[in-house]
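In: coords below, sequence missing:
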């Protein structure tokens, strides 16, 4: 799109990223994608890439039967660790390189970090393969301590992630699932321009804040992390 090439975007979910972010934030991203003149097709998957007869793409067929003429197809459905080259190395691999909480493989003095590493046992509320930039940074810091003689287990702490949807910056601190848990309530504010929002989730029982979702607004990570770590309630945070 930045090269002034028309883009059609197929999204298998009924709303963009609604398996990760709540409905209001997802709707905001939908609107923002459309504002950038992307042909956004929700609830639609790629069924077939159509060959022009010479090995080049000339179009695609969607799961709804539509034919879209195109010259280029990009597939962006998740991350797959590239570990095939290790299959005969003696290093245990699954989907990724198998590691323990110290990033140690089954071979002494061989480590794996980043989105090629797969934990034998995932940490609570975490995945076996972590695919975001900030965890990769923490992986490197952790294994560096071990390599330099201060063996340290990986303890990433409170969840954090960030991304950018065109002009809208997204940040999450703590747990903000797409569906609000039964024992939690949420405070949600959205600016009238439709490009900024703040969400704070908290426990119904005691008001303890569990997570922040920010769209187009930046809070200080360390402050939010500390509030969640200390169990501050919603009144204190506000």
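Out: Everything's here; your move. Computed from a predicted structure; not experimentally measured.

In: tell me the strands in this structure, going along the chain?
Out: 8-11, 39-42, 46-51, 57-62, 67-69, 97-99, 117-119, 160-165, 168-174, 184-190, 197-203, 209-215 (DSSP state E).

In: what helices or strands is the fourth one leaning on?
Out: Strand 57-62 sits against strand 46-51, strand 67-69, with contacts defined as 3 or more Cβ pairs under 8 Å, 6 or more residues apart in numbering; DSSP states H and E. Just so you know, the C-beta spots here come from the backbone N, C-alpha and C atoms, and that holds for glycine as well.

In: Select, out of those strands, the one closest to residue 158.
Out: Among the helices and strands packed on strand 57-62, the nearest to residue 158 by Cβ to Cβ is strand 46-51 (36.2 Å).

In: what's the angle from that closest one to strand 57-62?
Out: Calculated by axes from the mean of the first three to the mean of the last three Cα atoms, to 10 degrees, strand 46-51 forms an angle of 160 degrees with strand 57-62.

In: quick one on the thing from earlier: take the strands of the chain and write them to CSV, including mean neighbour count.
Out: CSV is the format used below for the strands of the chain (neighbours: other Cβ atoms under 10 Å):
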stretch, mean neighbour count
strand 8-11, 18
strand 39-42, 16
strand 46-51, 13
strand 57-62, 15
strand 67-69, 13
strand 97-99, 23
strand 117-119, 21
strand 160-165, 15
strand 168-174, 20
strand 184-190, 15
strand 197-203, 20
strand 209-215, 23
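
In: who wins for proximity to residue 75 among these?
Out: With respect to residue 75, and counting by Cβ to Cβ, the nearest of the strands of the chain is strand 46-51 at 7.4 Å.

In: starting at the chain centroid, how far to the closest one?
Out: 27 Å (Cα atoms, centre = their mean, to the nearest Å).

In: quick one: average confidence on that strand?
Out: Throughout strand 46-51, pLDDT has a mean value of 97.
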